[in-house]
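Q: quick one, structure for this:
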Amino acid sequence: MSDKKSSIELFETGENFYSQNFFGCHQTEQDKQKGCIFRVWAPNAQNVWLVGDFNGWDRSLLLKKVVQVGVWEIFTIKPNEGDFYKYLVKQADGREVYKIDPFAIAFEKRPNNAAVIQRLPEKQWHDEVWQSQNSQGTHFDQPLAIYEVHASSWQRETDGTPYTFGQLKEILIPYVKEMGFTHIEFMPLMEHPLGESWGYQLTGYFALCAHYGTISEFQEFVEACHLNNLGVLVDWVPGHFCVNDDSLAYFDGTPQFEYTDPTQAENIRWGALNFDLGKPQVQSFLISSALYWIELFHIDGIRVDAVSNMLYLDYDEGSTNLNADGNNRNWAGFYFLQKLNAVVKSIHPNVMMIAEESSAETKITGMLESGALGFDYKWNLGWMNDTLRFYEMDAAFRKSNFQLLTFSFMYMMNEQYILPFSHDEVVHGKRSLMHKMWGDRYKQFAQLRNLYVYLMTYPGKKLLFMGSEWGQFLEWRYDQRLEWTDLADEMNASMQQFTKQLNLFYKKEKALWELDHLPQSIEIIDADNSEETILSFIRQGKKDTGFLIIVLNFAPVERQNFAIGVPFSGTYEEVLNTELKEYGGTWTKGNQTSYTTKQSFKKFSYQIQTIVPSLGAIILKPQKIDRRS
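A: This is a model prediction of the structure:
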């Protein structure tokens with residue numbers, strides 16, 4: 001079987017996971033002549049022309065339909081490196097439309113949208129130590145503190161031009177490392193025509209957005225991250241795509257990448273089109289895209305956006321065609337996601353696969369054999385929504401709404417979770433995290449510190465959106481850089497210092513991540529104290545004495561001589577207090593060492609007493625204990 005036939009047949013059956021090596025533009029040699037071969041999939045097109053800088057954008061280069069399944073190709077010596085090109089497609093109904101190359105690896109800067117002829121760089125990687133470390137262990141029992149970044153608004157030039165990855169390498173990496181995060185997660189970096197979509201309306205599934213620089217620049221950025229012990233995650237959107245007429249939408253004039261059923265194809269909520277995830281060629285296209293980003297850029301994980309939209313037929317607005325039995329499951333999406341995870345994990349078992357998914361009807365994480373989708377992590381959006389609702393609430397009403405915090409303990413082990421305070425929570429009038437907090441500015445910062453302690457001590461991995469680390473007051477704006485001038489304010493600077501120290505504390509304390517997704521990792525001390533509005537629990541490491549006691553006070557009242565149940569007799573040392581002056585509070589020193597008394601507290605035989613600051617949080621650690629107790 002010829003390589004061409006094999007590539008096409010695998011693409012047609014949904015098994016060509018490197019289809020970009022066949023389709024698109026490739027510089028090659030035929031009959032001792034150097035040139036480029038172009039291939040595109042357009043099964044119902046009447047004709048396809050190659051147009052570009054090299055032929056005056058005329059119809060002189062007509063592609064040949066090489067097989068009946070709809071693969072068109074042409075070899076030509078005319079193009080040069082850096083030339084712009086498109087396809088002129090005569091669609092099934094005779095309409096002629098200029099289309100992008102779906103497999104292009106580079107585009108000109110928007111608002112222009114031609115593909116660019118370019119070779120892939122031959123990168124010599126130097127991140128072997130990082131790769132070796134990640135192949136030896138598992139991320140499940142390691143600290144994971146993710147800093148979520150929108151690459152074009154973290155920092156900008158004074159004229160508004162986004163920084164390239166060449167520039168970001170010099171300032172973003174040292175900053176994230178200094179702040180104590182373990183990973184950077186980027187909102188989509190693939191080519192997209194409108195910045196207002198934040199990158200979630202894609203056109204180029206194999207192309208780094210031209211505004212972010214070159215392929216080599218991003219490769220160098222990832223390598224520098226790895227050399228600084230930072231991982232890199234990237235958001236990816238396999239569920240829907242940009243509706244623009246010059247992109248994938250009805251490419252050959254018929255439903256090609258999208259569902260045939262217009263009700264299922266149209267995504268009303270996002271003004272997009274949904275991929276037909278049951279079509280084998282689309283599966284080849286999308287899985288190839290995922291592997292391309294993993295392998296070309298050495299990224300450590302992919303966050304799959306909008307999984308619920310792929311799983312449920314009635315997720316979108318408007319009319320819905322359910323299954324014959326009335327079920328709303330989109331089986332095409334379900335089986336595609338299982339296939340995606342199976343393929344990625346078979347080739348790259350240590351790459352993290354993360355789902356942004358908002359329902360509880362489908363098992364997202366876990367083994368495929370159990371009926372799950374096979375993701376490593378799921379964003380815990382239920383926890384995030386209830387938590388923020390509680391913290392936004394006037395303190396007077398919190399004791400009667402305490403279940404907003406405690407309900408999540410009922411399902412916290414149902415999946416392997418990431419706890420996300422993401423970009424979605426600080427836009428469209430939702431206010432920044434700092435601005436969500438109840439009370440005056442001092443109370444807002446006190447509660448923000450309290451909130452971050454809750455985030456870092458609750459079971460699950462962690463994610464915080466850029467700017468939240470210092471309590472930016474303004475909502476995030478995609479077209480402007482962060483409010484770095486905030487840091488001239490003492491309270492913002494103290495908040496940033498607190499976030500840094502909390503991240504470092506999290507990474508140091510094994511009890512916060514060693515048994516993250518096991519029930520024994522947490523033991524509730526008291527989740528019923530709604531009257532005083534205080535929550536207390538234990539986070540447990542592998543050693544029976546390797547635990548931390550977390551106490552969170554959600555009321556604006558300092559609690560003197562507050563009793564806390566503990567598992568062993570002995571002494572307990574306060575290791576973190578959110579109300580210290582260095583963090584923006586008023587306390588010049590923390591609580592003294594606590595000594596147990598032989599007094600029962602719920603199921604515990606011993607208790608200690610200490611002071612819990614108003615709207616504050618404290619963490620205690622056993623200093624000297626009697627294991628026999």
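Q: so for the lowest-mean-pLDDT helix or strand in the chain, what gets flagged as buried?
A: Lowest by mean pLDDT, DSSP states H and E among the helices and strands of the chain is helix 128-136, with a mean of 86. Under the neighbour-count criterion of 16 or more other CB atoms under 10 Å, helix 128-136 has Trp130, Asn134 buried. For the C-beta atoms, the positions are set from N, CA and C on the backbone; glycine is no exception.
Q: just checking, what packs against it?
A: With contacts defined as 3 or more CB pairs under 8 Å, 6 or more residues apart in numbering; DSSP states H and E, helix 128-136 has these neighbours: helix 215-227.
Q: pLDDT (mean, whole number) over the helix it packs on?
A: For helix 215-227, the mean per-residue pLDDT is 98.
Q: kindly report the same for stretch 517-536.
A: pLDDT averaged over stretch 517-536 gives 97.
Q: need the CA coordinates for that stretch. PDB is fine.
A: Output of stretch 517-536 as PDB, limited to C-alpha atoms (Å, rounded to 0.1, in the frame of the first residue of the first chain):
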ATOM      1  CA  HIS A 517      -7.900  12.400  45.700                       C
ATOM      2  CA  LEU A 518      -8.400   9.800  48.500                       C
ATOM      3  CA  PRO A 519     -11.000  10.100  51.200                       C
ATOM      4  CA  GLN A 520      -8.400   9.700  53.900                       C
ATOM      5  CA  SER A 521      -6.800  13.000  52.800                       C
ATOM      6  CA  ILE A 522      -9.400  15.000  54.800                       C
ATOM      7  CA  GLU A 523     -11.100  14.700  58.100                       C
ATOM      8  CA  ILE A 524     -13.800  17.100  59.200                       C
ATOM      9  CA  ILE A 525     -13.400  18.600  62.700                       C
ATOM     10  CA  ASP A 526     -16.500  20.700  62.700                       C
ATOM     11  CA  ALA A 527     -18.700  21.600  59.700                       C
ATOM     12  CA  ASP A 528     -21.800  22.400  61.900                       C
ATOM     13  CA  ASN A 529     -20.700  25.600  63.500                       C
ATOM     14  CA  SER A 530     -22.900  27.800  61.500                       C
ATOM     15  CA  GLU A 531     -23.700  30.000  64.500                       C
ATOM     16  CA  GLU A 532     -20.100  31.300  64.700                       C
ATOM     17  CA  THR A 533     -19.600  30.600  61.000                       C
ATOM     18  CA  ILE A 534     -16.400  28.700  61.400                       C
ATOM     19  CA  LEU A 535     -15.300  25.700  59.400                       C
ATOM     20  CA  SER A 536     -12.400  23.400  60.600                       C
END
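Q: which of the residues in that stretch are buried?
A: Neighbour-count burial for stretch 517-536 [16+ other CB under 10 Å]: 517, 521-523, 525-527, 529-530, 533-536.
Q: low-confidence regions, this protein specifically.
A: 1-2, 136-137, 627-629 (pLDDT under 70).
Q: please save the CA atoms from the helix or strand just after the least confident helix or strand of the chain in CSV.
A: Sequence-wise, the next helix or strand downstream of helix 128-136 (DSSP states H and E) is strand 145-149. Output in CSV follows, covering the C-alpha atoms of strand 145-149 (Å, rounded to 0.1, in the frame of the first residue of the first chain):
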residue,chain,number,x,y,z
ALA,A,145,-0.8,25.2,41.6
ILE,A,146,-1.7,26.6,38.2
TYR,A,147,-1.4,30.3,37.1
GLU,A,148,-3.9,30.9,34.3
VAL,A,149,-2.8,33.4,31.7
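Q: on that earlier part again, will you turn the buried residues of stretch 517-536 into a markdown table that also has secondary structure and distance to Asn385?
A: As requested, those are exported to a markdown table (DSSP: H, G, I helix; E, B strand; the rest coil; distance: CB to CB, whole Å):
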| residue | secondary structure | distance to Asn385 |
| --- | --- | --- |
| His517 | coil | 21 |
| Ser521 | helix | 23 |
| Ile522 | strand | 20 |
| Glu523 | strand | 25 |
| Ile525 | strand | 25 |
| Asp526 | strand | 24 |
| Ala527 | coil | 19 |
| Asn529 | coil | 23 |
| Ser530 | coil | 20 |
| Thr533 | coil | 19 |
| Ile534 | strand | 22 |
| Leu535 | strand | 18 |
| Ser536 | strand | 23 |
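Q: tell me the helices in this protein, going along the chain?
A: 3-12, 128-136, 165-179, 215-227, 262-265, 280-297, 307-311, 331-347, 381-392, 403-406, 433-436, 441-457, 490-508 (DSSP state H).
Q: closest one to Ile117 among these?
A: helix 215-227 (13.5 Å; CB to CB).
Q: give me the angle between the closest one and helix 165-179.
A: 20 degrees (axes from the mean of the first three to the mean of the last three CA atoms, to 10 degrees).
Q: what angle do helix 215-227 and helix 128-136 make?
A: Using the same axes, to 10 degrees: helix 215-227 against helix 128-136 is 70 degrees.
Q: export helix 215-227 to PDB, keeping only CA atoms.
A: Taking C-alpha atoms only, helix 215-227 is exported to PDB below (Å, rounded to 0.1, in the frame of the first residue of the first chain):
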ATOM      1  CA  ILE A 215       6.800  28.600  16.600                       C
ATOM      2  CA  SER A 216      10.400  28.700  17.700                       C
ATOM      3  CA  GLU A 217       9.600  31.500  20.300                       C
ATOM      4  CA  PHE A 218       6.900  29.400  21.900                       C
ATOM      5  CA  GLN A 219       9.200  26.300  21.900                       C
ATOM      6  CA  GLU A 220      11.900  28.300  23.600                       C
ATOM      7  CA  PHE A 221       9.400  29.600  26.100                       C
ATOM      8  CA  VAL A 222       8.200  26.100  27.000                       C
ATOM      9  CA  GLU A 223      11.800  24.800  27.300                       C
ATOM     10  CA  ALA A 224      12.700  27.700  29.600                       C
ATOM     11  CA  CYS A 225       9.700  26.900  31.700                       C
ATOM     12  CA  HIS A 226      10.900  23.300  32.100                       C
ATOM     13  CA  LEU A 227      14.400  24.400  32.900                       C
END
